[in-house]
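# Need a 3D model of the sequence below.
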Amino acid sequence: MLYKPDWAEAREEFRAWWEGEVRRPLLQVAAPLDPRQPPYDGWDFCRFPDEPAEAVRRFEEWCAHTYFGGLAYPNLWINFGPGVLSAFLGATPVFDGRTVWFGNQRGRGPLSLREIAAAELDRGCVWWRRVVNATRAALEAHRGRFVVGMTDIGGVLDVVAALRGTVEVLRDMYRDPAGLLSAIENVTELWHEVYDELHRLMVEHGHEGTSAWMGLWSPGRWYPLQCDIAYMLPPHKFEELVAPHLREQCERLDHPVYHWDGPGQLAHAPSLLKLGFVALQWVPGAQEELSGNDCGSPKWYSLYRRVLGAGKGLVLHMPPWRVEGFLKAFPEGRIIVQTWAPSAGEAERLLALAGQRSGP
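Numbering: from 1, shown residues only. Below you'll find the predicted structure:
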């Protein structure tokens, strides 16, 4: 691979990690080769929604000046915002230059549960066409150069909330749980319809394996699953409304990972650790990170031991100054540590701490 000469080795390590054959932490570390090169923020498909070739060109310009160490790789995922499935079903995306917001406030208004339960994928929708066209443009350029990651489809209940409104969904949980379950069941099917169609497009263009926004590569069908609204739910409602569709999604994917976002979701650990996830990606949330409790903080070590003890892997994004201490605390385990470095030399030092090769 042009921007990742040791891709064959990294690809094999990924395969072994998914299969549980690797019992020590593996690092993904990227670093600039030219300090003058501005960082890549991943929003070019939104800046040029009808010019995907320009987004591809700008991504490759960044790749040419970036060192991808360990399991890090050039991952061009098709970013039209978190939970773009809601746009395929009627929500109106709003790009503010830094992120995309989804909701029906600027569109047709909140949908009823009955409407969501009967919704179908609108292939004539401009956002669906943009995602497909961008995916196709990336695939046509990717061979021997970079990996193409699938768009951010979103969490099933999060998509329902974008269409219905978060407050209304919370009310529905108590006043019409049967209607909400019908909406969830339909959105789950639509989620997999989107995944299957985009995956089929990748296979047709000769793409090997799958990738996504989390920056992991799998030789099979993988995806990061999530339910960000779950931080508002008591455990019994999570078991009733969230666990069933997560269980089904785990069964329909080869390598599911859960995006575990925020301390409000810690109450759901018993449920999550019983589901069929290969690994969990812990995200402490902005407030904890601003307080110094990022993923590398010892505050979360007991949580990590609980996850590993349950037979699950971990995906953790932490600043480089946390890596050495973390590796001393966790010399073993099915763990991927994602970080960055100010230079290729510093990236190689971090890789050496983990006992990984630093290049081809």
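# Now find how far off-centre the helix or strand bottoming out on mean pLDDT in the chain is within its chain.
When the helices and strands of the chain are scored by mean pLDDT, DSSP states H and E, strand 100-101 comes last with a mean of 84. Taking the mean of its C-alpha atoms, strand 100-101 sits 16 Å from the chain's own mean (C-alpha atoms, centre = their mean, to the nearest Å).
# Which helix or strand lies directly C-terminal to that strand?
helix 113-118 (DSSP states H and E).
# tell me which strands and helices the least confident helix or strand of the chain is in contact with?
Of the remaining helices and strands, none touches strand 100-101 by 3 or more C-beta pairs under 8 Å, 6 or more residues apart in numbering; DSSP states H and E. Where C-beta positions appear, they are placed from N, C-alpha and C, glycine not excepted.
# That strand pairs with which strands?
strand 94-95 (antiparallel) (DSSP bridges).
# Could you report the separation of the closest residue to Pro110 other than its chain neighbours from Leu350?
Spatial nearest neighbour of Pro110, chain neighbours left out: Gly165 (4.7 Å); criterion: C-beta to C-beta, 6 or more residues apart in numbering. Using C-beta to C-beta, to the nearest Å, we find Gly165 at a distance of 44 Å from Leu350.
# These two: who's more crowded?
A direct count of neighbours by other C-beta atoms under 10 Å for Gly165 and Leu350 places Leu350 higher, at 23 against 18.
# The more buried one touches Phe326, doesn't it?
No - contact criterion C-beta atoms under 8 Å: Leu350 and Phe326 do not qualify, at 10.8 Å.
# Show the low-confidence segments of the stretch 1-150 of the chain, by residue range.
Scanning the stretch 1-150 of the chain for pLDDT under 70 picks out the ranges 104-108.
# Would you state the helices of it in chain order?
Ranges of helices in the stretch 1-150 of the chain, per DSSP state H, counting those that start in this stretch, are 7-18, 44-47, 52-63, 85-88, 113-118, 126-142.
# Quick one, which of those gets closest to Gln249.
Taking C-beta to C-beta, helix 85-88 is the member of the helices of the stretch 1-150 of the chain nearest to Gln249, at 12.9 Å.
# contacts for the closest one?
Contacting residues not belonging to helix 85-88 are listed as 80-81, 93, 102, 121-122, 125, 127-128, 153-154, 159, 162-163, 187, 190-191, 194 [C-beta atoms under 8 Å, 6 or more residues apart in numbering].
# and with 7 Å instead?
Contact with helix 85-88 is made by 93, 102, 121-122, 125, 127-128, 153-154, 159, 162-163, 190-191, 194, as judged by C-beta atoms under 7 Å, 6 or more residues apart in numbering.
# which one of these sits closest to Ala16?
Using C-beta to C-beta, the contacts of helix 85-88 come closest to Ala16 at Ile153, 27.1 Å.
# sec struct for that closest one, please.
coil (DSSP: H, G, I helix; E, B strand; the rest coil).
# which among the contacts of helix 85-88 end up buried?
Neighbour-count burial (16 or more other C-beta atoms under 10 Å) applied to the contacts of helix 85-88 gives 93, 102, 121, 127-128, 153-154, 159, 162-163, 190-191, 194.
# Could you find the closest non-adjacent residue to the residue nearest the centre of the chain?
Central residue of the chain (C-alpha atoms, centre = their mean): Met214, 3.6 Å from the mean position. The shortest distance from Met214 to any non-neighbouring residue, by C-beta to C-beta, 6+ apart, is to Pro224 (4.5 Å).
# What strand or helix carries Arg171?
helix 166-175.
# what does that helix contact?
Helix 166-175 has contacts (C-beta under 7 Å, 6+ apart) with 110, 113, 160-161, 179-180, 229, 232, 237, 241.
# Would it be right to say that the residue nearest to the centre of the chain lies in a helix?
No - Met214: not assigned to a helix; according to three-state DSSP it is coil.
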